[in-house]
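# from the sequence below, what's the structure:
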Amino acid sequence: MSSDVVTGFGLQFTNDNKFCYAYTGERPTSSSKTTFLDFTTNSEYIVATIQPIYFSQGTNNIAYQIDFNGQIVQYAEVTSSRDYTPFQDIQLIIPPFTRVEIKLDNLSGGSETAGVALTGKVGMPQRVGNLDD
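Residues are numbered from 1 along each chain as shown. Predicted coordinates:
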């Protein structure tokens, strides 16, 4: 990892692999679900904080849907760029070998710009016992 800021669909790790992040940057929403983040964990688990971001100065209702392996595990709706900011973050544990998709849907039918910031602490499952026992 360099000191460059990376945005996109994937997950980035610090050099020591103790922390991770994913920043979508500013993207337009649409009146259908649009994938803003899409990545799969490996053998690590992540204690994640996910922050909805509403970049535009609008009042469209934007839905944030979080899927693990194709199943909805969390859903939040932001109703305005000015109300309740900063928005309540979402804290989740992401298990190993999990495909994570975060999709946004502008329920008002507009094209306000929004995004997602995910930060997390990376952990490795502990091996229990010895195979020779």
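# list the buried residues in stretch 97-111.
Taking 16 or more other Cβ atoms under 10 Å as the neighbour-count basis, stretch 97-111 is seen to contain the buried residues 98, 100-106, 110. From N, CA and C alone the C-beta is placed, and that goes for glycine too.
# actually stretch 50-65, not the one I typed
50-54, 56, 58, 60-65.
# which residues sit against that stretch?
Contacts to stretch 50-65, defined as Cβ atoms under 8 Å, 6 or more residues apart in numbering, come from residues 24, 26, 29, 33, 66, 72, 74-82, 85-87, 89-92, 102-110, 112-119.
# filter these down to just the ones in helices.
Applying DSSP state H to those, no entry is found in helices.
# about what we covered before: reformat the buried residues of stretch 97-111 as JSON lines; add distance to P125 and pLDDT.
Conversion of the buried residues of stretch 97-111 to JSON lines gives the following (distance: Cβ to Cβ, whole Å; pLDDT from 0 to 100):
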{"residue": "T98", "distance to P125": "13", "pLDDT": "97"}
{"residue": "V100", "distance to P125": "17", "pLDDT": "97"}
{"residue": "E101", "distance to P125": "23", "pLDDT": "97"}
{"residue": "I102", "distance to P125": "24", "pLDDT": "97"}
{"residue": "K103", "distance to P125": "28", "pLDDT": "97"}
{"residue": "L104", "distance to P125": "31", "pLDDT": "96"}
{"residue": "D105", "distance to P125": "34", "pLDDT": "96"}
{"residue": "N106", "distance to P125": "38", "pLDDT": "95"}
{"residue": "G110", "distance to P125": "43", "pLDDT": "85"}
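# now, which of those sits nearest S43?
Comparing the buried residues of stretch 97-111 against S43 with Cβ to Cβ places T98 closest, at 11.0 Å.
# phi first, then psi, for the closest one.
When quoted as degrees, to the nearest 10, the phi and psi of T98 stand at phi -120, psi 130.
# could I get the buried residues of stretch 97-111 as TSV with distance to G123?
Formatted as TSV, these follow (distance: Cβ to Cβ, whole Å):
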residue	distance to G123
T98	13
V100	16
E101	22
I102	21
K103	26
L104	28
D105	31
N106	35
G110	39
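# from those residues, which is closest to L37?
Using Cβ to Cβ, these come closest to L37 at I102, 4.1 Å.
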